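Peer 1: the following comprises the amino acid sequence and a computationally predicted model.
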Amino acid sequence: MRFLLAALLSVLLLAGSAWAAHVNVYWNVTYIEADRTGDTHRRLITVNNAYPIPPIHVTLGDTLYLHVHNMLDEPTSVHGHGLLMNGTNFMDGAGMVTQCGIPPGESFTYKYDIIQRGTFWIHGHYNHHNSDGLRTPLIVHDERQYDGEYLFFLEDWYKQSYHERLRITTGPGTVFPPPPTFPHALINGVKGELAKPIHFKKGKTYRIRLVNMAITEWFKFSITGHKLRVIEADSEYCDPLEVDGVDIGPAQRYSVLVTAHSDDQFNFNYNVTMYASFIPVKPGLNPRHYQGLVEYKKYAPLKKVAEPKRFVWAEDLNLSSLSGQKPLPVDRQIDLTLGGSPFANGQVLDIINNVTYAEPKMPTLYSALSLGKLAFNESLYGPQTHAIVLNHLEYLEVVLRNPNSLPHPIHIHGHVFQVVSSGPEEISPSLGVTEVEVQNSKEPVRNYTGRVPISRDTVVVPSGRYIKIRFRADNPGAWLLHCHMDIHMGMGMVMTFVEAPDVLQETQRIPRQMADFCRKLNIPIKGNGAGNQGFDLSGLSQPPKKVEIPS
Ligand SMILES: *[C@@H]1O[C@H](CO)[C@@H](O)[C@H](O)[C@H]1NC(C)=O
Ligand SMILES: *[C@@H]1O[C@H](CO)[C@@H](O)[C@H](O)[C@H]1NC(C)=O
Ligand SMILES: *[C@@H]1O[C@H](CO)[C@@H](O)[C@H](O)[C@H]1NC(C)=O
Ligand SMILES: *[C@@H]1O[C@H](CO)[C@@H](O)[C@H](O)[C@H]1NC(C)=O
Ligand SMILES: *[C@@H]1O[C@H](CO)[C@@H](O)[C@H](O)[C@H]1NC(C)=O
Ligand SMILES: *[C@@H]1O[C@H](CO)[C@@H](O)[C@H](O)[C@H]1NC(C)=O
Ligand SMILES: *[C@@H]1O[C@H](CO)[C@@H](O)[C@H](O)[C@H]1NC(C)=O
Ligand SMILES: [Cu+2]
């Protein structure tokens with residue numbers, strides 16, 4: 001009832017303040033050869049032969065039609081990151097999960113009903129396409145208006161293509177950690193060193209949206225001499241939380257409010273700091289600082305500001321959602337242990353509960369739709385699809401355990417989850433132990449400290465910690481949960497929730513055009529993960545064998 005009222009209210013608000021529109025965006029997905037940074041000439045994937053891809057702006061209540069024309073020589077698909085796709089799982093764009101790719105030369109229109117507030121992004125979700133450049137922010141404007149708004153979208157950019165990096169990282173013959181490759185930072189599509197100024201007028205309040213679209217690296221953002229008030233994490237508004245800076249994991253978003261000083265005698269700097277995850281912290285090398293001007297007045301002197309003694313960063317457990325939603329109850333707890341391991345084939349791969357993900361022979365959603373009652377049998381999606389079937393409307397608590405040496409930004413499709421607590425995780429020596437990990441594993445258990453927990457779609461699980469998240473299975477579909485470091489995705493840190501296949505079968509159908517795409521690509525649309533009928537899983541390759549490291 002409360003929800004209905006809120007929904008009604010927002011419809012009225014919208015009717016009063018804006019006009020729900022049909023927004024059409026045309027994307028020719030293309031390869032180009034380009035050098036984005038001065039020493040990284042390579043092929044990349046972009047839109048309409050230009051880069052950066054212009055951010056997409058819509059207003060709450062709009063319908064966005066994203067017309068994707070595939071001009072590559074391989075299939076592609078795109079994903080609206082953070083959009084819940086409630087009732088339209090087939091539009092989620094996860095390659096070989098909710099669709100066969102759009103074949104070369106074909107077009108497909110993704111329809112997004114813009115019913116969520118906040119900051120999102122749209123990116124390729126087929127093979128290497130996100131990593132090689134296919135990504136841009138999706139900004140939803142709503143009734144909240146400030147004196148001004150700035151957007152920062154942050155990326156890391158490498159000399160090597162995704163496939164080269166994956167080969168170096170996984171082997172065979174890999175040494176761990178792999179040789180350091182330090183990327184460039186891109187700030188709003190241009191090299192970090194060239195970060196553009198932003199302009200403040202005295203006394204005004206600005207909303208700054210931050211989107212980390214990096215494929216591997218962490219960013220921190222702060223403004224010297226100014227406090228930030230966090231008001232949004234991913235797509236959820238929260239009680240304003242005053243901090244000195246925000247630390248943004250790959251795929252996460254924040255909005256912060258900044259109130260300008262009451263005089264304009266001085267200019268300041270904003271800081272964007274990029275931390276490379278695979279390289280030890282070393283002054284001058286890692287992290288790297290980039291600065292841009294916060295200009296109050298042209299030629300005003302730059303104010304020297306001493307850093308706060310104790311720099312306060314935004315933390316999930318301190319954020320309190322404006323939804324007012326208390327912690328959800330728990331019907332079932334699912335433990336997921338994240339990690340990496342050497343395998344007998346000579347590769348280093350990533351795992352969740354010892355399984356390294358590999359794509360099934362047909363999209364998991366289409367299996368769930370066509371298997372009838374067998375859709376509840378998790379094995380039938382294929383051993384490496386790592387499917388867990390959820391019952392309609394059950395309440396879940398997932399414990400994300402990270403006993404290894406790197407943090408992982410874990411993203412779920414089709415949901416936001418509450419971040420309720422964090423605690424120490426027993427360290428596993430599999431790929432080396434770091435100081436940070438040891439330190440983290442000594443920190444005590446912490447619960448959320450706000451009025452209520454925050455919900456978001458991507459959470460960073462630090463090394464040597466576990467994080468508990470909660471959500472309700474109220475969105476039937478096949479939804480991925482995966483690490484958003486693309487290399488880790490490629491190495492197999494991915495699994496699938498098959499949510500309420502019975503309800504799914506009653507309510508959703510494969511769009512005809514998508515079925516045609518599968519036919520064109522010789523991919524079945526009925527059957528199990530092997531593309532066969534019934535219990536026959538022949539044709540799937542055997543999962544590689546882990547090598548046990550003596551401890
Ligand atoms: C996409 O490519 C087609 C065919 O080359 C061209 O006619 C069309 O104008 C392009 N669209 C955009 C938005 O660039
Ligand atoms: C901001 O950048 C300056 C100059 O690089 C640096 O000294 C300072 O520590 C940075 N502050 C933060 C919070 O990163
Ligand atoms: C977050 O909560 C912790 C524990 O209550 C506290 O130490 C820290 O200062 C808080 N941070 C912010 C930004 O409020
Ligand atoms: C993973 O495999 C190891 C042995 O290699 C075993 O000790 C552990 O319990 C397994 N973990 C899970 C979550 O199945
Ligand atoms: C965290 O919450 C759990 C469950 O509500 C409770 O059992 C535990 O004592 C709390 N721990 C801390 C450190 O607050
Ligand atoms: C999806 O829509 C149903 C029906 O309106 C609603 O009950 C459910 O909470 C929604 N789920 C999500 C994840 O938005
Ligand atoms: C589920 O499928 C597997 C794989 O074919 C089969 O071995 C198993 O018997 C099935 N389980 C049930 C309960 O049908
Ligand atoms: Cu990861």
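Peer 2: The structure has been received and is ready for your questions. Ligands and ions are numbered 1, 2, ... in the order given.

Peer 1: next, give phi and psi for the most centrally placed residue in the chain.
Peer 2: Nearest to the geometric centre of the chain sits residue 251, at 3.3 Å (Cα atoms, centre = their mean). Torsion angles at residue 251 (phi, psi; degrees, to the nearest 10) stand at phi 80, psi -10.

Peer 1: who touches the nearest residue to it once chain neighbours are set aside in this structure?
Peer 2: Nearest non-adjacent residue to residue 251, counting by Cβ to Cβ, 6 or more residues apart in numbering: residue 484, 3.8 Å away. To be clear about C-beta, it is placed using only N, CA and C from the backbone, and glycine gets the same treatment. Residues in contact with residue 484 (Cβ atoms under 8 Å, 6 or more residues apart in numbering) are 249, 250, 251, 409, 410, 411, 458.

Peer 1: so can I have CSV of these showing secondary structure, pLDDT and distance to ligand 7?
Peer 2: Below are the contacts of residue 484 laid out as CSV (DSSP: H, G, I helix; E, B strand; the rest coil; pLDDT from 0 to 100; distance: Cβ to the nearest ligand atom, whole Å):
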residue, secondary structure, pLDDT, distance to ligand 7
249, coil, 97, 36
250, coil, 98, 35
251, coil, 98, 33
409, strand, 98, 33
410, strand, 98, 28
411, strand, 98, 28
458, strand, 98, 32
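
Peer 1: the top strand by length along the chain packs against which elements?
Peer 2: The residue-count maximum for a strand in the chain (DSSP state E) belongs to strand 22-34. On a contact count with 3 or more Cβ pairs under 8 Å, 6 or more residues apart in numbering; DSSP states H and E, strand 22-34 meets strand 42-47, strand 56-59, strand 63-70.

Peer 1: now the strands for the stretch 251-400 of the chain?
Peer 2: All strands of the stretch 251-400 of the chain, identified by DSSP state E, counting those that start in this stretch, fall at 253-259, 268-275, 288-295, 332-342, 348-352, 387-390, 395-402.

Peer 1: related to what we said a few turns ago, can you add distance to residue 206 and give the contacts of residue 484 back as JSON lines?
Peer 2: Listed next are the contacts of residue 484 as JSON lines, based on distance: Cβ to Cβ, whole Å:
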{"residue": "249", "distance to residue 206": "23"}
{"residue": "250", "distance to residue 206": "25"}
{"residue": "251", "distance to residue 206": "24"}
{"residue": "409", "distance to residue 206": "27"}
{"residue": "410", "distance to residue 206": "31"}
{"residue": "411", "distance to residue 206": "28"}
{"residue": "458", "distance to residue 206": "24"}
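
Peer 1: turn those into JSON lines, columns for distance to ligand 8.
Peer 2: Shown next, in JSON lines, are the contacts of residue 484 (distance: Cβ to the ion, whole Å):
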{"residue": "249", "distance to ligand 8": "10"}
{"residue": "250", "distance to ligand 8": "8"}
{"residue": "251", "distance to ligand 8": "11"}
{"residue": "409", "distance to ligand 8": "7"}
{"residue": "410", "distance to ligand 8": "8"}
{"residue": "411", "distance to ligand 8": "10"}
{"residue": "458", "distance to ligand 8": "11"}
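
Peer 1: which one of those residues is nearest residue 274?
Peer 2: Taking Cβ to Cβ as the measure, residue 274 lies nearest residue 250 of those, at 11.3 Å.

Peer 1: neighbours of that closest one, how many?
Peer 2: 27 (other Cβ atoms under 10 Å).

Peer 1: how about it, what does it touch?
Peer 2: 212, 213, 214, 215, 216, 217, 218, 409, 458, 484, 485.

Peer 1: which among these gets closest to residue 122?
Peer 2: residue 213 (10.0 Å).

Peer 1: and the closest one, how close does it get to residue 154?
Peer 2: Using Cβ to Cβ, to the nearest Å, residue 213 is found at 7 Å from residue 154.

Peer 1: and this protein, which of its residues are near ligand 2?
Peer 2: Within the chain, the positions adjacent to ligand 2 are 222, 245, 271, 273, 289, 291, 307, 311 by Cβ under 6 Å from any ligand atom.

Peer 1: next one: the fifth one from residue 270, what distance?
Peer 2: The reference is to residue 289. For residue 289 relative to residue 270 (Cβ to Cβ), the value is 11 Å.

Peer 1: do the last one as well
Peer 2: In this structure, residue 311 lies at 15 Å from residue 270, with Cβ to Cβ as the measure.

Peer 1: more crowded one of these two?
Peer 2: residue 270 (22 against 11).

Peer 1: strands of the stretch 401-550 of the chain, residue ranges please.
Peer 2: Under DSSP E, counting those that start in this stretch, the stretch 401-550 of the chain gives strands at 408-412, 417-424, 446-447, 455-456, 458-461, 465-472, 477-483, 494-499.

Peer 1: make a markdown table out of the ones you listed and add mean neighbour count.
Peer 2: Shown next, in a markdown table, are the strands of the stretch 401-550 of the chain (neighbours: other Cβ atoms under 10 Å):
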| stretch | mean neighbour count |
| --- | --- |
| strand 408-412 | 24 |
| strand 417-424 | 21 |
| strand 446-447 | 13 |
| strand 455-456 | 26 |
| strand 458-461 | 24 |
| strand 465-472 | 22 |
| strand 477-483 | 26 |
| strand 494-499 | 25 |
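
Peer 1: in a markdown table, list the ones you listed along with distance to ligand 4.
Peer 2: Conversion of those to a markdown table gives the following (distance: least, Cβ to the nearest ligand atom, whole Å):
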| stretch | distance to ligand 4 |
| --- | --- |
| strand 408-412 | 16 |
| strand 417-424 | 17 |
| strand 446-447 | 24 |
| strand 455-456 | 25 |
| strand 458-461 | 15 |
| strand 465-472 | 13 |
| strand 477-483 | 15 |
| strand 494-499 | 12 |
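
Peer 1: what's the local residue count around residue 512?
Peer 2: Residues near residue 512, counting by other Cβ under 10 Å, number 8.

Peer 1: ok, residue 254 touching residue 243?
Peer 2: No. Residue 254 lies out of contact with residue 243 (Cβ atoms under 8 Å); the separation is 9.8 Å.

Peer 1: so between those two, which is more surrounded?
Peer 2: Per other Cβ under 10 Å, whichever of residue 254 and residue 243 has more neighbours is residue 254, with 26 against 20.

Peer 1: any part of stretch 54-66 near ligand 1?
Peer 2: No. Using Cβ under 6 Å from any ligand atom, stretch 54-66 stays clear of ligand 1, with a minimum separation of 11.0 Å.
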